[in-house]
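S.K.: need a 3D model of the sequence below.
(chains A and B)
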Amino acid sequence: MGVKLLLEKANVPGIRSYDVYRREGGYAAAEKALKEMTIESIVEEVKKSGLRGRGGAGFPAGMKWSFIAKPEGVPRHLVCNADESEPGTFKDRYLMEFLPHLLLEGLLISSFALGSNDTYIYIRGEYAWVATILEDAIEEATKNGWLGKNILGTGFDCMIHVHRGAGAYICGEETALIESLEGKRGNPRIKPPFPAIQGLWMRPTVVNNVETLAAVVPIIKMGGDEYAKIGVGRSTGTKLISACGNINKPGVYEIDMTISVEDFIYSDEYCGGIANGKKLKACIPGGSSVPILPANLLLKTAKGETRYMNYESLSDGGFATGSMMGSGGFIILDEDQCIVKNTLTLARFYRHESCGQCSPCREGTGWMEKILQKIESGKGEVSDIDLLWDIQRKIEGNTICPLGDAAAWPVAAAIRHFRDEFEWHINNRELSQTSNFGLQHYADPIHVPA
Amino acid sequence: MSEQTLFKVTVDNITIEVPAGTTILQAARQIGGTVAPPAMCYYSKLQGSGGKCRTCLVEVSKGSEKDPRPMPKLVASCRTTVMDGMEVKNITSEKVVDARAGVVEFLLLNHPLDCPICDQAGECHLQDLSFEHGKSGTRYEFQRRTFKKHDLGKHIQLHMTRCILCYRCVFTADQLTNKREHGILDRGDHAEIATHIEKSLDNEFIGNVIDVCPVGALTDKTFRFKNRVWFLKPMDAHRDCPSCSGRVTLWNRGDEVYRVTARKDQWGEIEDTPDGKPGWICNTCRFDKKQTTDWVIEGPREISRQSVIAQGHYAGNIGTTKPTETFAAINEGRSPHLLMDIHSESEVNQPNVHLGENEGPSNGATFNNNIKNA
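M.R.: Predicted coordinates for the structure are as follows:
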């Protein structure tokens, strides 16, 4: 049984309400932070904890906080990124739905540390009922004196506003989120300037993921050093993983990042093995935009070491033989899944969600989708694979925001590891429409085109 | 004003000193020539423009004197400011050349390539870009996205199909008019420039969107299909205009004024007026004053860089090779009077005479003789 910090109380009946949350020890961390700690010491604790951003990039949260500019007389803002739209990721929704007060407590502490009097939760439009839960929770917290003017008599004012997005994936990118929050079209901004200098309404802004901000609560409660002892290396603390796909027990799990991938998939405590007694074929370990890994590279690294569920181990081997922790959307594909179709689905998603601002992403994502559609429907040529490779190479790294990379990586990884399946699709046009490639390769799954 | 700090920056091994805050693109433009990266969306006169088309990507091989680490990715030179001691690679970097060719291909994916019937042809930045940095073929084999033509008011027609979504016209309307009536609808490759809904653009300065459009998406309705730009003679002219500077370029054929545009510099951008402000022109000057008598002609305008108008721009490196063999070598000692022996192809002239054996040039008599003899 792993350590649970965030979801420890998730199963307590009525934990969604303020009274139960408070009775279970809620808002104690906020009390401690506001009454006993200084702004500097809170930031210091978060730095010591080694907490890394849980939104996908894994940037150290304490470091991000210390970058915020503090010009005299200019208000600062904290924005909570609850625009969780990555296919396969649904951990934030779970957290907000069941423990809204945990997020609010984390937001309160963080707002205090950053000096944000107006804090925003940007929640994706599809999470309409979750937004209502949050709004109710804010009302309760305000009634009980945890939000509003002069909180706990410290003279600190803080109000949390819930802002509903309109369902665009791109608004999960922090600068696009800020644009959208300002009421503009959700196009990512060109950086620099970074939000820490000029963010929301050109004021210094920190944008953090829901899980990151919620994790501030246990950090303050137990201290940064204690928090850093959980986990391994630079992957400290616990991480929520939303597991889905062909597994027996899909759901949100809290892990302490010392567990191996194999254990996570097969143990009854977590995913409970592959559904219907099938075999594991591949896995997208961190949400749809990270590279897909075939089973043999997922369970063991290229060097033959066991792969663990943490930032370093999952990215071991770089993109050639590794992947990324990403946002924790763990998608399992069994032997019946077609990689070409899977890649097409992802490519279609990114084509649909590209904001259309910069040309490589706008045109390239549509092109990749069309080629994949062609291959999937049995009309592909072998040269199309190399063309796909070339297109993704020209998108990656050449765009304003990471959506271009996110669109390119799944395609690149699918070709890198499953080129023979693509070729099979092309060479067996009719057969590929009715049957599946299955688990035919595996002996040498690494094909990197020159 | 205090003394400006000067930063030393090296672009393609040419060093120049520029004031702090200058972008890499502007520094490279000061050096000029092929060192300057192409720019499709950046427009120095429009605040906030740039960074979108990605044609101006460059490699920063040395960040600065203090922090010599290279930048990990290619950067958009139009939005990246120089640091002291920065070293930039533009055409000397293979990565840049490759990425730029990719961007050109992307920009042309959904572009209709209807240059033969496009009014912008000859002064089109996309033509220049694809000629200078692109490849001759495309690997795209699917249907291109198309839109219907739209009239945006009395003077402007929008061919959305040709648009490359540079956002320049959006910035123009934002910064020149008091109320922007058009913008980008939708997203991704189905994004389009549009008014909401079917509004007409009739601001006094909205005509400038035609000048900033790098392609033929926004066209002047008073000029559409009237003439090809390379048949016209550009003349600098001015008039006393109450609302704008009145400094324009007239595009004449004979004494007839075909169109009026603002004066553009070598980068295709609006020239500054002598008082240092951008020389945007008003709709009256652009659309209504089409008589030479309306204007004081200053003299012919030099077009320094733009494509077909600057004659000979497309000559040279388009892959054609001149033959090196002499005729004698090709004919292996024979000396035909006609270069092509049509008789081997045609029965009409009854090829009883071998032209190569004829002395002197062949003429009608040679063949008449031939028929008589037959």
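
S.K.: run through the stretch 101-250 of chain B and note the low-pLDDT ranges.
M.R.: Within the stretch 101-250 of chain B, no range satisfies pLDDT under 70.

S.K.: report the residue ranges of every domain in the chain.
M.R.: Reading this off chain A. What automatic domain parsing lists as the domains of chain A is A:18-229, A:235-333, A:339-434.

S.K.: right idea, wrong chain: chain B
M.R.: If you go by automatic domain parsing, chain B breaks into B:6-106, B:110-300, B:327-373.

S.K.: neighbours around residue 184, how many?
M.R.: Just so you know, I chose chain A. For A:Lys184, the neighbour count with other CB atoms under 10 Å in any protein chain shown is 10. From N, CA and C alone the C-beta is placed, and that goes for glycine too.

S.K.: let me rephrase: I mean chain B.
M.R.: 19.

S.K.: which of the domains of chain B is buried the deepest?
M.R.: Counting by mean count of other CB atoms under 10 Å in any protein chain shown, domain B:6-106 has the highest mean neighbour count of the domains of chain B, with a mean of 20.

S.K.: can you name the residue of the stretch 101-250 of chain A nearest to chain B?
M.R.: When scored by CB to the nearest CB, the stretch 101-250 of chain A has A:Ile190 as its residue closest to chain B, at 4.0 Å.

S.K.: need the nearest residue in space to that residue, chain neighbours excluded.
M.R.: Leaving out its chain neighbours, the residue that sits closest to A:Ile190 by CB to CB, 6 or more residues apart in numbering or on different chains is B:Gly51, at 4.0 Å.

S.K.: quick check, central residue of the chain?
M.R.: Chain wasn't specified; assuming chain A. A:Ser327 (2.2 Å; CA atoms, centre = their mean).

S.K.: hmm, no, I was thinking of chain B.
M.R.: Taking CA atoms, centre = their mean, chain B has its central residue at B:His125, 2.4 Å away.

S.K.: ok, now how distant is that residue from B:Gln143?
M.R.: Shown here: B:His125 relative to B:Gln143, a distance of 25 Å by CB to CB, to the nearest Å.

S.K.: for the residue in the stretch 101-250 of chain B that chain A sits nearest to, which non-adjacent residue is spatially closest?
M.R.: Nearest residue of the stretch 101-250 of chain B to chain A (CB to the nearest CB) works out as B:Gly102 at 3.2 Å. Closest residue to B:Gly102 apart from its sequence neighbours, by CB to CB, 6+ apart: A:Lys394 at 3.2 Å.

S.K.: you'd agree the one you found is in a helix?
M.R.: Yes: according to DSSP: H, G, I helix; E, B strand; the rest coil, A:Lys394 belongs to a helix.

S.K.: surely it and B:Val104 touch.
M.R.: No: when contacts are counted by CB atoms under 8 Å, A:Lys394 is not listed as touching B:Val104 (10.4 Å).

S.K.: tell me who's in contact with the residue in the stretch 301-450 of chain A that chain B sits nearest to.
M.R.: Nearest residue of the stretch 301-450 of chain A to chain B (CB to the nearest CB) works out as A:Lys394 at 3.2 Å. Contacts of A:Lys394 were listed using CB atoms under 8 Å, 6 or more residues apart in numbering or on different chains, and they are A:360, A:364, B:98-99, B:102-103, B:105-106.

S.K.: and what of B:Phe7?
M.R.: B:17-20, B:22, B:82-86.

S.K.: quick check: the farthest pair among those residues?
M.R.: Across the contacts of B:Phe7, no pair lies farther apart than B:Pro19 and B:Gly85, at 15.0 Å, counting by CB to CB.

S.K.: how about the helices in chain B?
M.R.: Taking DSSP state H as the criterion, chain B contains helices spanning B:24-31, B:94-109, B:125-133, B:168-176, B:208-212, B:283, B:327-331, B:364-373.

S.K.: now these as CSV including distance to B:Ala39?
M.R.: Compiled in CSV, the helices of chain B are given as follows (distance: least, CB to CB, whole Å):
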stretch, distance to B:Ala39
helix B:24-31, 6
helix B:94-109, 11
helix B:125-133, 8
helix B:168-176, 10
helix B:208-212, 12
helix B:283, 26
helix B:327-331, 47
helix B:364-373, 61
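
S.K.: minimum distance to A:Asn428: which of these has it?
M.R.: Once these are compared by CB to CB, helix B:94-109 is nearest, at 29.5 Å.

S.K.: and that closest one, what does it pack onto?
M.R.: Applying 3 or more CB pairs under 8 Å, 6 or more residues apart in numbering or on different chains; DSSP states H and E, we find helix B:94-109 packed against helix A:359-376, helix A:382-395, strand B:57-62, helix B:125-133.

S.K.: and the contacts of that helix?
M.R.: The contact list for helix B:94-109 (CB under 8 Å, 6+ apart) reads A:359-360, A:362-364, A:366-367, A:390, A:393-394, A:398, B:38, B:40, B:53-55, B:57-59, B:74, B:89-91, B:126, B:129-130, B:133-135, B:138-140, B:144, B:164.

S.K.: ok, now stretch B:258-265?
M.R.: B:208, B:210-211, B:220, B:222-223, B:226-227, B:232, B:236, B:247-252, B:270-271, B:279-281, B:285-287, B:289-290, B:301.

S.K.: isn't B:Val212 right up against B:Arg168?
M.R.: Yes: between B:Val212 and B:Arg168 there is a contact under CB under 8 Å: 4.3 Å.

S.K.: between these two, what contacts are shared?
M.R.: With CB under 8 Å, 6+ apart as the test, B:Val212 and B:Arg168 both reach B:43, B:46.

S.K.: so B:Met235 touches B:Arg253, yeah?
M.R.: No: using CB under 8 Å, B:Met235 is not in contact with B:Arg253, being 10.9 Å away.

S.K.: isn't A:Gly223 right next to A:Glu45, touching?
M.R.: Yes: between A:Gly223 and A:Glu45 a contact is recorded at 6.4 Å, counting by CB under 8 Å.

S.K.: can you pull the pLDDT of the residue of the stretch 101-250 of chain A closest to chain B?
M.R.: In this model, A:Ile190 is scored at 91, pLDDT.

S.K.: now for it: which residues touch it?
M.R.: A:400, B:50-51, B:76, B:79.

S.K.: so where does A:Lys141 fall, helix or strand?
M.R.: One thing to correct before we go on: residue A:141 is Ala, not Lys. Using DSSP states H and E, A:Ala141 sits in helix A:128-143.

S.K.: the helices of chain B: which one's closest to A:Arg54?
M.R.: helix B:94-109 (32.1 Å).

S.K.: burial count for A:Glu430?
M.R.: The number of residues packed around A:Glu430, counting by other CB under 10 Å, is 8.

S.K.: quick check: it touching A:Gly378?
M.R.: Yes: under the criterion of CB under 8 Å, A:Glu430 makes contact with A:Gly378 at 6.7 Å.

S.K.: need the max-distance pair from the contacts of A:Lys394.
M.R.: Farthest pair in the contacts of A:Lys394, by CB to CB: A:Gly364 and B:Asp98, 14.3 Å.

S.K.: so how far is stretch B:143-152 from its chain's centroid?
M.R.: For stretch B:143-152, the separation from the chain centroid amounts to 21 Å (computed by CA atoms, centre = their mean, to the nearest Å).

S.K.: report the contact partners of A:Met96.
M.R.: Taking CB under 8 Å, 6+ apart, one finds A:82, A:103, A:123, A:127, A:130, A:133-134, A:210 in contact with A:Met96.
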